[in-house]
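Asker: any chance you can model this:
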Amino acid sequence: MVIDYNRWPVHPGAGSAFFLHVTNGRPTAGCVATDRAVVIAILRWLDPRQHPVISLGVR
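Answerer: Reported below is the predicted structural model:
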């Protein structure tokens with residue numbers, strides 16, 4: 001799944017992408033990673049016609 005980040009307009013130095021993907025058990029470089037079953041469940045649940053949004057924040 002592509003996360004719409006820094007696509008238009010592009011801001012140099014702000015990075016080019018981050019992804020939702022299956023974890024390998026180690027920290028990521030800024031992506032969203034979780035267990036395979038969770039990624040599959042999210043992809044099945046998402047409806048592109050609803051224009052889904054992934055919102056990231058800190059606690």
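Asker: can you count the residues close to Thr34?
Answerer: Residues lying near Thr34 (other C-beta atoms under 10 Å) number 13. Heads up, the C-betas are built off the backbone N, CA and C, glycines and all.
Asker: no wait, Asp47
Answerer: Counted with other C-beta under 10 Å, Asp47 comes out at 8.
Asker: give me the residue ranges of this protein where confidence is low.
Answerer: Scanning the chain for pLDDT under 70 picks out the ranges 1-3, 58-59.
Asker: in it, which spans are helices?
Answerer: For the chain, applying DSSP state H gives helices covering 36-45.
Asker: all strands for it, in order.
Answerer: 20-22, 32-34 (DSSP state E).
Asker: so what secondary structure elements neighbour the last one?
Answerer: To tie it back to what came earlier, the one meant is strand 32-34. strand 20-22 (3 or more C-beta pairs under 8 Å, 6 or more residues apart in numbering; DSSP states H and E).
Asker: roughly how far does His51 sit from Asp4?
Answerer: Distance, His51 to Asp4, using C-beta to C-beta, to the nearest Å: 10 Å.
Asker: do the same with Pro27
Answerer: From Pro27 to Asp4 the distance is 23 Å (C-beta to C-beta).
Asker: do the same with Asp35
Answerer: 24 Å.
Asker: and if you look at Val22?
Answerer: According to C-beta to C-beta, Val22 stands 21 Å off from Asp4.
Asker: do the same with Ala29
Answerer: 18 Å.
Asker: those two: which has the busier surroundings?
Answerer: Asp4 (10 against 6).
Asker: return the residues in contact with Asp4.
Answerer: If you count contacts by C-beta atoms under 8 Å, 6 or more residues apart in numbering, Asp4 has none.
Asker: residues of stretch 10-22 that come out buried?
Answerer: For stretch 10-22, burial by neighbour count (16 or more other C-beta atoms under 10 Å) applies to Phe18, Leu20.
Asker: what about that stretch, how long is it end to end?
Answerer: Terminal residues of stretch 10-22 lie 27 Å apart, using C-alpha to C-alpha, to the nearest Å.
Asker: any idea how far Asn6 is from the residue lying farthest from the centre of the chain?
Answerer: Outermost residue of the chain with respect to the C-alpha centroid, by C-alpha atoms, centre = their mean, is Pro12; its distance is 19.9 Å. Noted for Pro12: a distance of 9 Å to Asn6, by C-beta to C-beta.
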